[in-house]
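> pasting the sequence and the predicted coordinates here, then a few questions.
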Amino acid sequence: MQISYKGKDSLYGAMRKEAQSRLFLAISGSLISIFLLLQFNSERIFSFLAILALIFFISLTINTLKRLRNKNYSCKLALEQKPKSIVWVYSVKTQRLPFGISVSDEILLYFKTVNKKEFSIKVKEKELSEIMAFLNGLLPQATFGYSLDKDQWYEADPHLLLKD
């Protein structure tokens with residue numbers, strides 16, 4: 001089976017975008033923590049909480065920068081180093097419809113492993129078919145698509161979803 005490299009690029013681009021969003025969140029959290037520390041520097045409890053938050057967000061920033069630099073996204077590592085551990089792949093589309101007006105569509109692509117770890121990635125709907133074609137070629141042992149039966153099989157024993 002031929003592997004779709006356009007799907008690979010789309011999938012890895014979605015992973016990079018998600019890591020960039022995490023970096024934005026970490027930097028924003030660091031800045032807010034610094035602001036709170038400066039605002040409540042005379043209050044010990046608030047200062048202590050702001051310092052804890054700052055430490056957390058700085059470590060998240062450093063970790064995310066390392067992942068972006070090395071392109072070591074956890075899902076990518078699983079796909080490249082342990083593809084046989086992935087037993088189930090499916091997508092879920094979520095629509096936001098306040099007052100009946102479509103605001104946004106979001107596709108989450110889920111990867112479930114044999115040891116019950118789970119990864120999810122936001123992907124664009126127009127790229128989903130290319131990504132699934134790439135994953136079908138890369139993961140011939142995995143089951144694709146969601147159903148309640150597959151969910152129950154996965155909960156009982158992930159090996160039940162492996163194809164022969």
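Yep, that arrived.
> how far off centre is the lengthiest helix in the chain?
Counting by DSSP state H, the longest helix found in the chain is helix 5-39. Put simply, helix 5-39 sits 12 Å off its chain's centre (CA atoms, centre = their mean, to the nearest Å).
> also stretch 91-98?
Put simply, stretch 91-98 sits 17 Å off its chain's centre (CA atoms, centre = their mean).
> returning to what we had before: mind checking what helix or strand follows the longest helix of the chain in sequence?
Going down the chain from helix 5-39, the next helix or strand is helix 44-70, by DSSP states H and E.
> show me what the longest helix of the chain is packed against.
The contact analysis (3 or more CB pairs under 8 Å, 6 or more residues apart in numbering; DSSP states H and E) places helix 5-39 against helix 44-70, helix 74-81, strand 118-123, helix 128-138. (Each C-beta comes from the backbone N, C-alpha and C, glycine too.)
> now do that helix and helix 44-70, the angle between them.
160 degrees (axes from the mean of the first three to the mean of the last three CA atoms, to 10 degrees).
> relative to helix 128-138, how tilted is helix 5-39?
Helix 5-39 and helix 128-138 are oriented at 110 degrees to each other (the same axes, to 10 degrees).
> ok so, going back, most packed of the helices and strands packed on helix 5-39?
Highest mean neighbour count of the helices and strands packed on helix 5-39: helix 128-138, a mean of 19 (counted as mean count of other CB atoms under 10 Å).
> just the residues contacting the next helix or strand after that one, thanks.
Following helix 128-138 in sequence order, the next helix or strand is strand 143-144 (DSSP H and E). For strand 143-144, the surrounding residues in contact (CB atoms under 8 Å, 6 or more residues apart in numbering) are 87-90, 132, 135-136, 150, 161-163.
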